[in-house]
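J.: sharing a sequence plus its predicted fold:
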Amino acid sequence: MSQASTQIIRIVKKLSEDMHNGDLKGVMAAYEPKAGLVAQPGVTVCGPGLFEAMKGYTSMKPKFDMPIHEVIEAGDIALHISPWSMEAVDPANGKPLKQSGLSVAVFRKQRDGKWLLVIDDPYGCHLLLK
């Protein structure tokens, strides 16, 4: 596995841990300032919308399982693909939530060598379900 692949997988795992721990600052540190997140199929948010979406997700204290990862590199761009499952708690009513999907995410290598998310689509398999 390449050094970039190892770094990207480490970032994805830390992002998942930060979401579970409610560390919004840590979550946002994984994204470029103008990054886009597919908040739900067909709805992409950026900037303040990304922050608000992540604020909502971290409030659920999600616990992610991402058993396998694939990273495809092309220079300073990388594609990360991973199936995921999640257990969380609905903050509105305290009921347990379970979801799963396929994460498809684009990373870009920064000038300082760090990889950051540019596009994050946790609903990468929604087209297959139509």
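T.: Nice, thanks for sending it over. The structure presented is a predicted model; accordingly, all values stated were derived computationally and were not measured. Residues are numbered from 1 along each chain as shown.

J.: secondary structure element holding the residue located most distally from the centre of the chain?
T.: When each C-alpha in the chain is compared with the mean C-alpha position (C-alpha atoms, centre = their mean), N93 comes out farthest, at 24.5 Å. Using DSSP states H and E, N93 maps to neither a helix nor a strand.

J.: ok, longest helix in the chain?
T.: The residue-count maximum for a helix in the chain (DSSP state H) belongs to helix 3-21.

J.: what about the residue farthest from the centre of the chain, distance to H69?
T.: Taking C-beta to C-beta, to the nearest Å as the measure, N93 falls 33 Å from H69. Every residue, glycine included, has its C-beta placed from N, CA and C.

J.: residue contacts, the residue nearest in space to the middle of the chain?
T.: Most central in the chain under C-alpha atoms, centre = their mean is D120, positioned 5.6 Å from the mean C-alpha point. By C-beta atoms under 8 Å, 6 or more residues apart in numbering, the contact set of D120 is 31, 35-38, 103, 105-106.

J.: can you pick the most crowded of those?
T.: Compared across the contacts of D120, A105 has the highest neighbour count, 25 neighbours, by other C-beta atoms under 10 Å.

J.: and that residue, that's in a helix?
T.: No. Counting by DSSP: H, G, I helix; E, B strand; the rest coil, A105 is not found in a helix; it is strand.

J.: quick one, what contacts it?
T.: A105 touches 12, 79-81, 117, 119-121, counting by C-beta under 8 Å, 6+ apart.
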